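Engineer: I need the structure of the sequence given here:
(one chain, ligands or ions: 1)
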Amino acid sequence: MTEQYVNLLVSHRERVGIIQLNRPEALNALNSELMDELVRALQDFDADAHIGCIVMTGNEKAFAAGADIKQMANAGVVEMMSSPFIGHWDTLQNISKPIVAAVSGYCLGGGCELAMACDIIVAAENAQFGQPEINLGIIPGAGGTQRLTRAVGKSVAMDMILTGRRLSAQEALQFGLVARVFPTASYLEESIALAAEIANKAPLALRMAKESINRAFESSLAEGILFERRAFNLLFATEDQKEGMAAFIQKRKPSWKGR
Ligand code: CAA
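Structural biologist: This is a model prediction of the structure:
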């Protein structure tokens, strides 16, 4: 990857693309420059056939402490409405490869909304999840009222958003916001190992699985099942389906082609 970033550290390990938010002096507060770069980095990995899964992470102290309050403090409604800034969270929906949010430390406001826009959240034991916007006289504006409610249910979402209460990693696990909790010392390695496991699966099946699961939030059950059935049937047109089933029968490991 040749592209230069100011607010990110971007690397890859075999088939795992790694994007580290890198404004440690501001607890990775998400400003427009960082979000522009983040979208670019995600799109680059999405277009790169050598990458199978993406890890988004911060540092041990903060995944991200929210949208940059200093950048937003003097904005008016017209500026907020005409700025592409908040729309950047929605662009994550257009990334076809799985994104693992590896969260350590503060994961607040727009940071929590960014993690929720990823596909799987895994947390270090020291992670804290919260939507503290109410304490600034605003509400979550990058999907928090919708995605948090779908993730943890109405009562816990109301509690968090109306009071600003933070969840520990264990609470987030209990409520279904995160999939796994890792020791803080090894969370990034464990998250990359999880992403590597995913990255080595059949690429087209991964894509169809991600699209089908996301469809569960956008449609009725009957429409979602129809979408799933079409995706399932479509995979029988791929070489990888033939290879996966032949490998099972021949008791060997499959070799995926992404075709
Ligand atoms: N925006 C801008 N700067 C931030 C920031 C944010 N969201 N969060 C932290 N910082 C900056 C601080 O201003 C501070 O900078 P200076 O050294 O220049 O003063 C630096 O990061 C370190 O922060 P603290 O000194 O506050 O660190 P702490 O350990 O005492 O506290 C904290 C940590 C509890 C996370 C606290 O920083 C905090 O409450 N941050 C704001 C959290 C928040 O309200 N997030 C929601 C933002 S609004 C939003 O996200 C809207 C949306 O839905 C899109």
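Engineer: check contacts around the closest residue to the ligand within the stretch 151-259 of the chain.
Structural biologist: Closest to the ligand within the stretch 151-259 of the chain is G164: 8.1 Å, counting by Cβ to the nearest ligand atom. The C-beta positions use only the backbone N, C-alpha and C, and glycine is treated the same way. For G164, the contact set (Cβ atoms under 8 Å, 6 or more residues apart in numbering) comprises 130-135.
Engineer: could I get those residues as a markdown table with distance to the ligand and secondary structure?
Structural biologist: Output for the contacts of G164, formatted as a markdown table (distance: Cβ to the nearest ligand atom, whole Å; DSSP: H, G, I helix; E, B strand; the rest coil):
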| residue | distance to the ligand | secondary structure |
| --- | --- | --- |
| G130 | 8 | strand |
| Q131 | 7 | coil |
| P132 | 4 | helix |
| E133 | 5 | helix |
| I134 | 9 | helix |
| N135 | 6 | helix |
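Engineer: where along the stretch 151-259 of the chain do the strands fall?
Structural biologist: 167-168, 180-182 (DSSP state E, counting those that start in this stretch).
Engineer: Tell me the helices and strands packed up against the last one.
Structural biologist: Judged by 3 or more Cβ pairs under 8 Å, 6 or more residues apart in numbering; DSSP states H and E, strand 180-182 is in contact with strand 120-124, helix 169-175, helix 187-199.
Engineer: rerun at 7 Å
Structural biologist: Contact partners of strand 180-182 among helices and strands, from 3 or more Cβ pairs under 7 Å, 6 or more residues apart in numbering; DSSP states H and E: strand 120-124, helix 169-175.
Engineer: The residue in the stretch 101-250 of the chain that the ligand sits nearest to: how many residues sit nearby?
Structural biologist: Relative to the ligand, the nearest point of the stretch 101-250 of the chain is G109 (2.6 Å; Cβ to the nearest ligand atom). Under the neighbour criterion other Cβ atoms under 10 Å, G109 is assigned a count of 27.
Engineer: what lines up beside the host helix or strand of H12 in the sheet?
Structural biologist: Following DSSP states H and E, the helix or strand that holds H12 is strand 8-13. Here strand 8-13 has these sheet partners by DSSP bridges: strand 16-21 (antiparallel).
Engineer: could you give the angle of the helix or strand following the strand it pairs with to strand 8-13?
Structural biologist: Next in sequence after strand 16-21, counting helices and strands by DSSP H and E, comes helix 32-47. Angle of helix 32-47 versus strand 8-13, following axes from the mean of the first three to the mean of the last three Cα atoms, to 10 degrees, is 20 degrees.
Engineer: right, and the helix or strand after helix 32-47?
Structural biologist: Next along from helix 32-47, by DSSP H and E: strand 53-57.
Engineer: Does the very next helix or strand once past that next one reach the ligand?
Structural biologist: Note on strand 53-57: by DSSP H and E, the next helix or strand toward the C-terminus is strand 62-64. No: using Cβ under 6 Å from any ligand atom, strand 62-64 stays clear of the ligand, coming no nearer than 7.0 Å.
Engineer: What parts of this structure come near the ligand?
Structural biologist: 26-27, 29, 65-70, 106, 108-110, 113, 132-133, 136, 140-142, 144.
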